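*Asks:* sharing a model prediction with you, sequence too.
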Amino acid sequence: MTAGTCELCGAAGASVCLEEVADYVTGVTFDIRRCCQCGLAWTDPPPSSVKDFYPSFYRKYKLQALWVLRRLYTLRARGWARRLQGGHRALDVGCGDGWMLSAMRALGWQVVGSEISVSKARSAAEANQVAVFVGELDALHSSAQFDFVILFQVLEHVSEPFTVLRRCADLLSVDGAIVVAVPNFSSWQARLFGKSWLHLDVPRHQHHFSPNSLQYAMEKAGLKVLRTRFASLEHDPYGWVQSTLNSIGFKQNLLMKFLMGFREQGTRITTVAVMIGLSVVLVIPSLLLSIVSWAAGDGAIVEVWCVKA
């Protein structure tokens, strides 16, 4: 695929919509191109080795933040399970810490997770007593079938998302369902903050979906979208707070680094104190903005619930 050609719809002439977006870890800059036909956007140029851009502290939050995140992930997984009362087997692609697998296992599901990181897969399996394999989905037997497939905050990270979607569709049982959640590139946050938006996360996020482009991708993979929702307590209010801090002059994603226990070199204690104070002040407005954006269909995260077409 050339830089200006969309891999989803094949249209040529994609234009740069955001220039020189900096990676908050390395400082390397990337452009974001968007297809004028389907609305899919992508990071340009794609990283030759995306693993080089994942820092050792990536998603390793302090215990207090981890507790909150785990509770929210668990509640979300339980909600999904209640909608699938007749299901038996679930696959979580890019399962991370394995929290969702653990929640569904506690409800009687047989669960399997996948991860590309050996250390991540091992820690998730040991901490939650679940099966997690390392590698691509092709490692699963061709006859494997699942009643529920989870792609939660994963599709934007992979270099070939449409290959992953088609493989997930093949793994889905006849009456099964798949849930996909990604950052919403056409959200209020994305449009307001531009390069300062937390959830751009270049180049780890290699693709940037709008609700329309995500639905088109599902349809091309042989899936039918039954429901689209935008509510995400895990990501939306946090996105408003961190993106606001980014836009008013704080170092990029400084709050995120603080919550991960990473000390930004050269950052004064007074700066951190001011940042924390502003973050507390922004919590209530961020919650209110999140709720309104969910109702308007412009939340920072878009989640689709799909079945085989």
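*Replies:* It's in.

*Asks:* list the contacts of V202.
*Replies:* 21-23, 30, 32, 43 (CB atoms under 8 Å, 6 or more residues apart in numbering). From N, CA and C alone the C-beta is placed, and that goes for glycine too.

*Asks:* mark which of the residues you listed are part of strands, please.
*Replies:* Among the contacts of V202, DSSP state E puts 21-22, 30, 32, 43 in strands.

*Asks:* show me which of the residues you listed is closest to N212.
*Replies:* I32 (16.8 Å; CB to CB).

*Asks:* would you mind writing the CA trace of stretch 75-84 as CSV?
*Replies:* What follows is stretch 75-84, C-alpha atoms only, in CSV (Å, rounded to 0.1, in the frame of the first residue of the first chain):
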residue,chain,number,x,y,z
LEU,A,75,-17.7,-4.6,35.0
ARG,A,76,-17.5,-4.3,31.3
ALA,A,77,-16.7,-8.0,30.7
ARG,A,78,-19.5,-9.0,33.1
GLY,A,79,-21.9,-6.9,31.1
TRP,A,80,-20.9,-8.6,27.9
ALA,A,81,-21.3,-12.0,29.5
ARG,A,82,-24.8,-11.2,30.6
ARG,A,83,-25.8,-10.5,27.0
LEU,A,84,-24.4,-13.9,25.9
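
*Asks:* list the contacts of that stretch.
*Replies:* The contact list for stretch 75-84 (CB under 8 Å, 6+ apart) reads 87, 99-100, 103-104, 107, 109, 147-148, 150, 152, 177, 179, 234, 305.

*Asks:* likewise for stretch 208-221?
*Replies:* Outside stretch 208-221, the residues within contact range by CB under 8 Å, 6+ apart are 8-9, 32, 34-35, 38-43, 155-156, 161-162, 165-166, 168-169, 180, 182-186, 200, 224-225, 228, 297, 302, 304, 306, 309.

*Asks:* swap in stretch 244-262?
*Replies:* 22, 24, 55, 57-62, 65, 193, 196-198, 241-242, 263-264, 267, 271-272, 275-276, 278-279, 282, 286.

*Asks:* what is the mean pLDDT for the helix or strand hosting N246?
*Replies:* In the assignment (DSSP states H and E), N246 maps to helix 236-247. For helix 236-247, mean pLDDT rounds to 97.

*Asks:* any buried residues in it, and which?
*Replies:* 236-246 (16 or more other CB atoms under 10 Å).

*Asks:* ok now the host helix or strand of Q64, how far from the chain's centre?
*Replies:* Element membership of Q64 [criterion: DSSP H and E] is helix 63-83. Helix 63-83 sits 15 Å away from the centroid of its parent chain (CA atoms, centre = their mean, to the nearest Å).

*Asks:* stretch 108-122 too?
*Replies:* On the basis of CA atoms, centre = their mean, stretch 108-122 sits 17 Å off its chain's mean C-alpha point.

*Asks:* buried stuff in that stretch?
*Replies:* 109, 111-115, 120-121.

*Asks:* ok, stretch 297-304 next?
*Replies:* So stretch 297-304, judged by 16+ other CB under 10 Å, has buried residues 298-304.

*Asks:* what segments of this structure are strands?
*Replies:* For the chain, the strands defined by DSSP E cover 15-22, 29-34, 41-44, 89-93, 110-115, 131-134, 146-152, 172-183, 207-208, 223-229, 301-308.

*Asks:* hmm, which of the contacts of stretch 75-84 are the buried ones?
*Replies:* 87, 99-100, 103-104, 107, 109, 147-148, 150, 152, 177, 179, 234, 305.

*Asks:* re earlier: from the contacts of stretch 244-262, which ones fall inside helices?
*Replies:* 65, 193, 241-242, 271-272, 275-276, 278-279, 282, 286 (DSSP state H).

*Asks:* looking at these, state which has the most neighbours.
*Replies:* Counting neighbours by other CB atoms under 10 Å, Q242 comes out on top of those with 27 neighbours.

*Asks:* that one and H199 touch, don't they?
*Replies:* No. If you go by CB atoms under 8 Å, Q242 and H199 don't touch, sitting 9.1 Å apart.

*Asks:* so where's the stretch 101-250 of the chain shaky on pLDDT?
*Replies:* 142 (pLDDT under 70).

*Asks:* swap in 90 and give it another go.
*Replies:* Applying pLDDT under 90 to the stretch 101-250 of the chain flags the ranges 116-121, 123, 127-128, 134-144.

*Asks:* now do the contacts for L223.
*Replies:* 165, 169, 178, 306-309.

*Asks:* no wait, C306
*Replies:* 177-180, 218, 223-226 are the contacts of C306 under CB under 8 Å, 6+ apart.

*Asks:* number of nearby residues for P45?
*Replies:* Neighbours of P45 using other CB under 10 Å come to 10.

*Asks:* let me fix that: G261
*Replies:* 12.

*Asks:* begin at 38, not 1, for the rest of this chat.
*Replies:* Happy to do that; since the first residue is 38 now, the last one works out to G298.
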